[in-house]
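Undergrad: give me coordinates for this.
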Amino acid sequence: MKKRIICIFICLLLIFAFVGCGGTPKPDDGGDDTPIVTPPDDDDEKPDDEKPEEEFKPWEDIPEATEPVDLNSEILIGSWVTYYRYNIDSLDVQMRRLAQSGVNFNLFPFQWDVENWDSIEDWQEIDELCTKYRIVYGIAANEDMHSANLGSFNQIKEYNAQLDSPYCRFVNLRDEPTTAVMEGTVKRYYDRYTEALPDLVPFTNLLPSYGAHGSATYREYVQSYADNFIGTEYISTDYYPFGSVKGSVDEGIFSDMEIIRDIAYNTGKIKTHCFLQSTAYAAHRMTNIDELRWNIYAYLAYGFKAFSYFNYVCPGESDTEGEQFSDSLIYRDGTIRDQQLFDDVADLNWEVRALSPIIMNSDASAAYHTTDRVSGVEYLPDDYFIQPEQEGDFVITYLENKDSEQPSHIMIFNNNISDEITAAFELNVSEVSGLEYFNPATKEYESAVGNSGSCEFTFAPGEGKIFRLA
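TA: Sure, this is the predicted structure:
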């Protein structure tokens, strides 16, 4: 009997020990010590503790936040929709991953479908994180994406005064206004913001040429913005060229880029910003790394200096509602469906940011296509100082140095979304004695063309290469 009682007692002890230890680890938590995050009752509420478990230490590819981002010396790379629900990952965790991926700009630094980013305490938390990860950001009021209204204006004045932050730099006035709205409400609030809050950049993204902008021509629409918004920091545009047909590209984008380049250059050399297509939605496909490289380098070839992905995070609540957003670099539930694409985009971001010393100190005075199949653009003159030695589809850009005493640069852009191209060029050494290639990986110049004037370069699909004129 004693032996039986002892056996029963031992069994009971083992059962209690098993229950007390929590049983077998779930397959999805891998048996480690990572605490399980329980979603709050209200999905729109943030978790109590939004800080990562480990103290943040900058990766070697994230600069220490010793100085704020300088809009005049650094290329900006950001996103439109950037965050998913905080009960999946905290804002801190998400922002850290973005900073590691090369993002240094965020027009809307919060998750869109929550209603609790309305207090100064919320914005102080955002500012703390953006300062920590060196991201310049835009401020909004009461979840209003468009801040050209009196309520937002008054609220933002109050918040901005309390924040007093060098990282709070933007306020979004309106997205894709018609000419009438742009020249009316948007202009009125542009003037109010510039007078009352001179450290903020009142930001307006214009329609593409295929949008119902309300002007007689697209040039008139863009010129109206440049003429009326005196002192504007950026002219911004979006144009999504990758339709549902694999391999297709709408090259009407080049005409838009040329109009904006020409107006920006001749109206005080205004900086330019654009949106890149990184989301699948109605009649538009999810882009691959070659297409995204083409997208950003095409804009660089037209002198653009700031970029926002549309989007980093897939918008909407489902794949079927609204505009049928179905994929992005990060899905709306926080998963990265294509890790290789995500990593490749991060590498691309850092590569482009390495071009800042050249791009930010230059203006694209001309962008010449080497073929005449694209309309609404300029073509390479027969007597230009550099010529392709064979047929090829390139854009050759003259990047005029802002300092006339310093050498200027050219960019050669491979206008091909799928093929690596090796091409030879002939340099007229009586006009330019040589070329030095700027290697974004090393951030150093390398001799590319000597006295012979002949050179050969290999381009990845959609890649642009920058050369200093010797």
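Undergrad: which ones are touching Glu74?
TA: 104, 353, 356, 360 (CB atoms under 8 Å, 6 or more residues apart in numbering). The C-beta positions use only the backbone N, C-alpha and C, and glycine is treated the same way.
Undergrad: go on, Phe242?
TA: With CB under 8 Å, 6+ apart, Phe242 has these contacts: 248-250, 277, 284-285, 287, 291, 295.
Undergrad: rerun at 7 Å
TA: Counting by CB atoms under 7 Å, 6 or more residues apart in numbering, Phe242 makes contact with 249, 277, 284-285, 287, 291.
Undergrad: so which of those residues is the most crowded?
TA: Compared across the contacts of Phe242, Thr287 has the highest neighbour count, 26 neighbours, by other CB atoms under 10 Å.
Undergrad: so that one makes contact with Ser278?
TA: Yes. The criterion here is CB atoms under 7 Å, and Thr287 meets it with Ser278 at 5.9 Å.
Undergrad: from the contacts of Phe242, which is closest to Ile135?
TA: Gln277 (22.0 Å; CB to CB).
Undergrad: find the nearest non-adjacent residue to the closest one, please.
TA: Sequence neighbours aside, Tyr240 is the residue nearest to Gln277 in space, at 4.5 Å (criterion: CB to CB, 6 or more residues apart in numbering).
Undergrad: residues in contact with Leu206?
TA: With CB under 7 Å, 6+ apart, Leu206 has these contacts: 176, 222, 225, 235-237.
Undergrad: and the helices in this protein?
TA: For the chain, the helices defined by DSSP state H occupy 2-20, 91-100, 120-133, 150-163, 179-181, 187-196, 218-228, 253-266, 289-301, 339-353, 356-359.
Undergrad: can you lay out these as JSON lines showing mean pLDDT?
TA: Below are the helices of the chain laid out as JSON lines (pLDDT from 0 to 100):
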{"stretch": "helix 2-20", "mean pLDDT": "40"}
{"stretch": "helix 91-100", "mean pLDDT": "94"}
{"stretch": "helix 120-133", "mean pLDDT": "93"}
{"stretch": "helix 150-163", "mean pLDDT": "95"}
{"stretch": "helix 179-181", "mean pLDDT": "98"}
{"stretch": "helix 187-196", "mean pLDDT": "98"}
{"stretch": "helix 218-228", "mean pLDDT": "98"}
{"stretch": "helix 253-266", "mean pLDDT": "98"}
{"stretch": "helix 289-301", "mean pLDDT": "98"}
{"stretch": "helix 339-353", "mean pLDDT": "97"}
{"stretch": "helix 356-359", "mean pLDDT": "98"}
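Undergrad: tabulate these (JSON lines), appending distance to Phe457.
TA: Formatted as JSON lines, the helices of the chain follow (distance: least, CB to CB, whole Å):
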{"stretch": "helix 2-20", "distance to Phe457": "66"}
{"stretch": "helix 91-100", "distance to Phe457": "31"}
{"stretch": "helix 120-133", "distance to Phe457": "36"}
{"stretch": "helix 150-163", "distance to Phe457": "47"}
{"stretch": "helix 179-181", "distance to Phe457": "43"}
{"stretch": "helix 187-196", "distance to Phe457": "43"}
{"stretch": "helix 218-228", "distance to Phe457": "33"}
{"stretch": "helix 253-266", "distance to Phe457": "22"}
{"stretch": "helix 289-301", "distance to Phe457": "14"}
{"stretch": "helix 339-353", "distance to Phe457": "16"}
{"stretch": "helix 356-359", "distance to Phe457": "17"}
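Undergrad: rewinding a little: any chance of the contacts of Glu74 in CSV, plus distance to Glu389 and neighbour count?
TA: Below are the contacts of Glu74 laid out as CSV (distance: CB to CB, whole Å; neighbours: other CB atoms under 10 Å):
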residue, distance to Glu389, neighbour count
Asn104, 39, 22
Arg353, 32, 20
Ser356, 32, 17
Met360, 32, 18
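Undergrad: quickly list the domain ranges of this structure.
TA: 76-359, 363-469 (automatic domain parsing).
Undergrad: go through the contacts of Phe242 and name the one nearest Glu323.
TA: Of the contacts of Phe242, the one sitting nearest to Glu323 (CB to CB) turns out to be His284, at 9.1 Å.
Undergrad: give the bridge partners for the closest one, please.
TA: Gly243, Tyr281 (DSSP bridges).
Undergrad: wait, it touches Asp238, no?
TA: No. If you go by CB under 7 Å, His284 and Asp238 don't touch, sitting 11.9 Å apart.
Undergrad: may I see the buried residues of stretch 207-224?
TA: Under the neighbour-count criterion of 16 or more other CB atoms under 10 Å, stretch 207-224 has 207-209, 211, 213-215, 218-219, 221-224 buried.
Undergrad: stretch 132-152 now?
TA: Applying 16+ other CB under 10 Å to stretch 132-152 flags 132-141, 146-148, 152 as buried.
Undergrad: for stretch 340-348, same thing?
TA: 341-342, 344-346, 348.
Undergrad: cool, and stretch 183-199?
TA: 183, 185-187, 189-190, 192-194, 197.
Undergrad: look up how far Glu291 lies from the residue nearest to Gln277.
TA: Distance, Tyr240 to Glu291, by CB to CB, to the nearest Å: 11 Å.
Undergrad: and Glu444, by the same measure?
TA: 29 Å.
Undergrad: CA atoms only for stretch 180-188, dumped as PDB, please.
TA: Output of stretch 180-188 as PDB, limited to C-alpha atoms (Å, rounded to 0.1, in the frame of the first residue of the first chain):
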ATOM      1  CA  ALA A 180      -8.700  74.500 -58.700                       C
ATOM      2  CA  VAL A 181      -8.000  72.900 -55.300                       C
ATOM      3  CA  MET A 182      -4.300  73.500 -55.600                       C
ATOM      4  CA  GLU A 183      -4.600  77.200 -56.400                       C
ATOM      5  CA  GLY A 184      -7.300  77.700 -53.800                       C
ATOM      6  CA  THR A 185      -7.400  75.800 -50.500                       C
ATOM      7  CA  VAL A 186      -3.900  74.300 -50.800                       C
ATOM      8  CA  LYS A 187      -2.300  77.600 -51.700                       C
ATOM      9  CA  ARG A 188      -4.100  79.400 -48.800                       C
END
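Undergrad: how distant is that stretch from the center of its chain?
TA: 26 Å (CA atoms, centre = their mean, to the nearest Å).
Undergrad: ok so, going back, what's the closest of the buried residues of stretch 183-199 to Val81?
TA: Distances from Val81 to the buried residues of stretch 183-199, taken by CB to CB, are shortest for Val186, at 21.9 Å.
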